[in-house]
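Novice: Following is a predicted model, sequence given first.
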Amino acid sequence: MADDTKTLVQGLRQRDPEVLDRLIEQYQYRLFRYLLYITGNTDRAEDFFQETWIRVLERGHQYDGKFKFESWLFTIARNLVIDWQRQKKAVSLDSLTDPEEGRGFEIVDEKADSPLHLFLQAESQERVQASLQQLSAPYREVLLLRFQEEMQLDEIARIQATPISTVKSRLYRGLEALKGLLAGGAA
Amino acid sequence: MTNDLHARAETLIAKERVEGISPVEQEWLGKHLGECAQCTESAHAMQQALRSLRTLSISVPRELAARTQLRVWLRAQELQAREPRWRLIWALCGASWVAGAATAPYVWRGLEWIGHRTGMPDLVWKMGFGVWWALPAIVAAAVLLMEGGEGTTRKNVNGAA
């Protein structure tokens, strides 16, 4: 185990708030972006952001450093969102995790403007954002993890608690859909 | 050029991004793209989509990190304050079990004597002996339940997640 990881594991085990402070600074952008992608809502992403770090503090002793910290972090964040969905909706779990079952995982706030929209400035980014909004959350999530976080397929599979074959299938479908949407928007 | 070749090219274009392709496949694809404008356009569209995705940026709300850090500090303090209480509870439970084991024969005889004196059925005073053993566990469970209740209240107050 590298020294950095050892220090991290020790700090989390001891619930050292200074270690947490540094981690929050370091991962704020990536975690918030991930939460925004999977919830589709700024306010909820903020709530889950805070809850995720509280959970990291409380369950820090469970992190053993075998895998990358960000994988563990994203798994915690994802589980919080899924738990919340489970409490809010009396839907089957399949519809939360399987994009073929519809867009149950996605949280849409009908009163607010598209939250991603508020965050994006450049015109070209708006087009990408609009396309992403049309994708269901599990597709957005794999695209983010693979092409923005540049995670390996097995890491994504661990976070999503799905087989690698499912991750691949979602990536192929997500890419195809995104390509189609962007090409359609450009025409 | 057959549709099969275009379909294979399309598959490889995506596969290259998702899981990578072999040198042989790479060579075949390169050659095919050199000859096919339609597939070249598709490869370009894929590249463009990924470039757009990678350059997509968001802004983290101001003060979110600071607010989170504050909450984490407060929660850390709260957990730290609870630790001695927990140690005390476990120490008391341990002492209680040790004392329970040491005094078990006397308690048994005592309860048996009371049972016979009062004429209560054997089952009742034997159950009393069971309760005597389960008492530390019952107290620990009650404390745990109370802790759980506090946690839920905290979450509701925060109104998050």
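Specialist: Here it is on my side, so go on.
Novice: C-alpha from now on. contacts and neighbour counts both.
Specialist: OK.
Novice: burial measure for residue A:133, as a count.
Specialist: By the criterion of other CA atoms under 10 Å in any protein chain shown, residue A:133 has 19 neighbours.
Novice: The helix or strand hosting it packs against which elements?
Specialist: Residue A:133 belongs to helix A:123-134 when assigned by DSSP states H and E. On a contact count with 3 or more CA pairs under 8 Å, 6 or more residues apart in numbering or on different chains; DSSP states H and E, helix A:123-134 meets helix A:115-119, helix A:164-186, helix B:37-55.
Novice: Would you tell me which of those gets closest to residue A:134?
Specialist: helix A:164-186 (8.3 Å; CA to CA).
Novice: Off-centre distance for the closest one?
Specialist: The gap between where helix A:164-186 is centred and where its chain is centred comes out at 17 Å by CA atoms, centre = their mean, to the nearest Å.
Novice: Same question for stretch A:138-152.
Specialist: That offset, for stretch A:138-152, works out to 8 Å (CA atoms, centre = their mean).
Novice: One more: stretch A:50-68?
Specialist: Distance, centroid of stretch A:50-68 to centroid of chain: 16 Å (CA atoms, centre = their mean).
Novice: same thing with stretch A:141-154?
Specialist: Taking mean C-alpha positions (CA atoms, centre = their mean), stretch A:141-154 and its chain are 10 Å apart.
Novice: circling back to that earlier point, after the helix holding residue A:133, which helix or strand is next?
Specialist: Where DSSP H and E defines the elements, the next helix or strand beyond helix A:123-134 is helix A:137-143.
Novice: In chain A, which residue is most central in space?
Specialist: Among the residues of chain A, residue A:34 comes closest to the average C-alpha position under CA atoms, centre = their mean, at 3.4 Å.
Novice: what about the strands in the chain?
Specialist: Using chain A. Along chain A, no segments are classed as strands by DSSP state E.
Novice: Show the pLDDT at residue 67.
Specialist: You didn't say which chain, so I picked chain A. Per-residue pLDDT puts residue A:67 at 88.
Novice: other chain: chain B
Specialist: Reported pLDDT for residue B:67: 96.
Novice: Would you mind measuring from it to chain A?
Specialist: Residue B:67 sits 8 Å away from chain A, going by CA to the nearest CA, to the nearest Å.
Novice: How about the contacts made by the nearest residue in space to residue A:181 that is not next to it in sequence?
Specialist: Nearest non-adjacent residue to residue A:181, counting by CA to CA, 6 or more residues apart in numbering or on different chains: residue A:131, 5.7 Å away. Taking CA atoms under 8 Å, 6 or more residues apart in numbering or on different chains as the contact definition, residue A:131 lies against A:178, A:181-182.
Novice: count of neighbours near residue B:44?
Specialist: If you count neighbours by other CA under 10 Å, residue B:44 ends up with 13.
Novice: Give me the domain ranges for chain B.
Specialist: Chain B breaks down into these domains under automatic domain parsing: B:3-55, B:82-158.
Novice: quick revisit: in TSV, list the contacts of residue A:131 along with pLDDT, distance to residue A:76 and neighbour count.
Specialist: Compiled in TSV, the contacts of residue A:131 are given as follows (pLDDT from 0 to 100; distance: CA to CA, whole Å; neighbours: other CA atoms under 10 Å in any protein chain shown):
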residue	pLDDT	distance to residue A:76	neighbour count
A:178	88	27	25
A:181	85	31	20
A:182	80	32	21
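Novice: what angle sits between the helix holding residue A:133 and helix A:164-186?
Specialist: 130 degrees (axes from the mean of the first three to the mean of the last three CA atoms, to 10 degrees).
Novice: tell me the mean pLDDT over helix A:123-134?
Specialist: Here the average pLDDT along helix A:123-134 is 78.
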